[in-house]
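Asker: Structure here, sequence nowhere to be found:
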């Protein structure tokens, strides 16, 4: 490709990223859930008693249905949207808000609406990192063109690519950046902490029906999905990392699927640089290209942190408070960035592998892993208000009592060998949710 044309494509993406700069410092939360029968088996898509019926029931409550052909695959709401992931994972995407109080209220409103619908069909809404019972071969792929294109492409990729699509559920946080310098720090610190986040937000006790053999099955799955577009962006630790580096990362990825004129086109192994046209691509089409990259932390017009497993309420709010305290406090961000620049991408990959092997015994950050996590929790707490600290305390208690979320399940399972009972705490409509709703905000 002509160097001048290539540079124009880089410059166009850089301008796109720059247009996302904001001083709002809002927080966007995405939570994936499993809708399961009471025996923990996956609920199919089709039918009144399937995911299709649940979406249509919510549509009757005022949500706007999103259809592909005759199939309802999502919903638009006032303060949040709902989509179905490839294996039927039920994702709630909250619009960005300034405060945890607003996030809590929107999520609770969603729970108030869906709980009666789930209850009438003797189903449960479960927040965990991986399907607890049903194997992915027994989970139908959703009738969505993009998913079928991706599923076929991934047949020739990592051994767990299809597990990623149909078996996993996550919690993701979207954060603002106000400049290129701010973007660099937030990206670098997020990647620096990524091995620790994979570990302490591991809520995947079961994999294909059996107890997981790794300390974090999510990281194993992503490392065995597609090396072209997943995992660590090593250049983030370079001293001169910039918007342009991320733009070049995107331009040299195989696209798989491209959007043009609201239609999806299978483009397979064609590189983004050979498809992307700055003069004709709309912002919506550009954003679609960016969503075809799946690194641990990615950039659109906001920074998206993607390492955490799905967790039951109120822990998603705790997750928001944790990152808010670390990345939205300039002093804390600078302190962590000063540590992060001492590492390389290779160092971080080594730390991830070590933690996966040694768990909490790892001292790869220069100190016992548990001590480092407790230090981070204290650092996060410095700038939080009373309500935010309340939610952060749930996370502190989890770390002190169980180490990681999946241990709470496995401790119970080792006593009873009963998955239903051991996962009871992951049902989002029960337990601590009522306590959390009653917190008095300042």
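Answerer: Ah, there it is. Owing to the predicted nature of the structure, the values given are computational and were not obtained by experimental measurement. Numbering: from 1, shown residues only.
Asker: all contacts plus neighbour counts: C-alpha atoms, from now on.
Answerer: Fine.
Asker: what sits against residue 63?
Answerer: 75-77 (C-alpha atoms under 8 Å, 6 or more residues apart in numbering).
Asker: give me the low-pLDDT residue ranges for the chain?
Answerer: Low-confidence segments of the chain, defined by pLDDT under 70, are located at 120-121, 430-442.
Asker: Could you tell me how many residues sit around residue 416?
Answerer: By other C-alpha atoms under 10 Å, the residues close to residue 416 number 12.
Asker: Just give the closest residue to it, not the sequence neighbours.
Answerer: Sequence neighbours aside, residue 422 is the residue nearest to residue 416 in space, at 7.9 Å (criterion: C-alpha to C-alpha, 6 or more residues apart in numbering).
Asker: Just confirm that neighbour contacts residue 409, I think it does.
Answerer: Yes - in this structure residue 422 lies within contact range of residue 409 using C-alpha atoms under 8 Å: 5.0 Å.
Asker: Who has more neighbours out of the two?
Answerer: Neighbour tally, residue 422 and residue 409, criterion other C-alpha under 10 Å: the higher count belongs to residue 409, 23 against 19.
Asker: My read is that that one contacts residue 205, right?
Answerer: Yes - the pair residue 409 and residue 205 passes the contact test of C-alpha under 8 Å, sitting 6.9 Å apart.
Asker: which residue is nearest the centroid of the protein?
Answerer: Within the chain, the residue whose C-alpha comes closest to the C-alpha centroid is residue 172; the distance, by C-alpha atoms, centre = their mean, is 3.1 Å.
Asker: Enumerate every residue touching it.
Answerer: Residues 29-31, 304-308 are the ones in contact with residue 172 under the rule C-alpha under 8 Å, 6+ apart.
Asker: would residue 58 count as being in a strand?
Answerer: No - Residue 58: not assigned to a strand; according to DSSP: H, G, I helix; E, B strand; the rest coil it is helix.
Asker: wait, isn't it in contact with residue 115?
Answerer: No - distance between residue 58 and residue 115: 10.7 Å, which falls outside the contact criterion (C-alpha under 8 Å).
Asker: neighbour count winner among these two?
Answerer: residue 58 (18 against 15).
Asker: Span of stretch 166-176 from start to end?
Answerer: Between the start and the finish of stretch 166-176 there is a gap of 29 Å, counting by C-alpha to C-alpha, to the nearest Å.
Asker: let me fix that: stretch 309-321
Answerer: Stretch 309-321 has an end-to-end distance of 16 Å (criterion: C-alpha to C-alpha).
Asker: do you know how far residue 187 is from residue 135?
Answerer: As defined by C-alpha to C-alpha, residue 187 lies at a distance of 34 Å from residue 135.
Asker: More neighbours: which of those two?
Answerer: When residue 187 and residue 135 are compared for neighbours, residue 187 comes out ahead with 24 against 17, by other C-alpha under 10 Å.
Asker: List the contacts of that one.
Answerer: Going by C-alpha under 8 Å, 6+ apart, the list of residues near residue 187 reads 236, 297, 303.
Asker: Now the second one. Nearest residue, chain neighbours left out?
Answerer: When you say that, I think you mean residue 297. The spatial neighbour of residue 297 that comes closest, neighbours along the chain excluded (C-alpha to C-alpha, 6+ apart), is residue 305 at 4.7 Å.
Asker: Could I get the contacting residues of the one you found?
Answerer: 172-174, 190, 296-298.
Asker: who does the helix or strand encompassing it pair up with?
Answerer: Assigning secondary structure by DSSP states H and E places residue 305 in strand 303-309. Strands flanking strand 303-309 in the sheet, each with its direction: strand 170-175 (antiparallel), strand 297-299 (antiparallel) (DSSP bridges).
Asker: Quick one: distance of the next helix or strand after that strand to the chain centre.
Answerer: For strand 303-309, the succeeding helix or strand toward the C-terminus, using DSSP H and E, is helix 315-327. Counting by C-alpha atoms, centre = their mean, to the nearest Å, helix 315-327 is centred 13 Å from the centre of its parent chain.
Asker: go on, stretch 333-347?
Answerer: Averaged over its C-alpha atoms, stretch 333-347 has a centre that lies 22 Å from its chain's centre (C-alpha atoms, centre = their mean).
Asker: where do the helices sit along the stretch 201-350 of the chain?
Answerer: Ranges of helices within the stretch 201-350 of the chain are 217-223, 243-251, 283-291, 315-327, 330-340, 345-358, based on DSSP state H, counting those that start in this stretch.
Asker: TSV for those helices, including mean neighbour count and distance to residue 167?
Answerer: As requested, the helices of the stretch 201-350 of the chain are exported to TSV (neighbours: other C-alpha atoms under 10 Å; distance: least, C-alpha to C-alpha, whole Å):
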stretch	mean neighbour count	distance to residue 167
helix 217-223	22	10
helix 243-251	20	26
helix 283-291	17	19
helix 315-327	24	20
helix 330-340	17	32
helix 345-358	18	20
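Asker: would you turn those into TSV with distance to residue 39?
Answerer: Conversion of the helices of the stretch 201-350 of the chain to TSV gives the following (distance: least, C-alpha to C-alpha, whole Å):
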stretch	distance to residue 39
helix 217-223	23
helix 243-251	42
helix 283-291	34
helix 315-327	24
helix 330-340	44
helix 345-358	30
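Asker: closest to residue 3 out of the ones you listed?
Answerer: Closest approach to residue 3 among the helices of the stretch 201-350 of the chain (C-alpha to C-alpha): helix 243-251, 12.6 Å.
Asker: The closest one vs helix 283-291, what angle?
Answerer: Going by axes from the mean of the first three to the mean of the last three C-alpha atoms, to 10 degrees, helix 243-251 is angled at 80 degrees with respect to helix 283-291.
Asker: Can you spell out which helices and strands pack onto helix 243-251?
Answerer: If contacts are counted by 3 or more C-alpha pairs under 8 Å, 6 or more residues apart in numbering; DSSP states H and E, helix 243-251 sits against helix 3-19.
Asker: and the following helix or strand past the helix it packs on, what does it pack onto?
Answerer: As assigned by DSSP H and E, the chain's next helix or strand after helix 3-19 is strand 27-37. Taking 3+ C-alpha pairs under 8 Å, 6+ apart as the contact definition, the neighbouring helices and strands of strand 27-37 are strand 90-94, strand 123-126, strand 170-175, helix 315-327.
Asker: and residue 5, which of the ones you listed is closest to it?
Answerer: Among those, the nearest to residue 5 by C-alpha to C-alpha is strand 170-175 (31.5 Å).
Asker: From the chain's centroid, how far away is the closest one?
Answerer: 5 Å.
Asker: and the angle from it to helix 315-327?
Answerer: Computed with the same axes, to 10 degrees, the direction of strand 170-175 lies at 40 degrees from that of helix 315-327.
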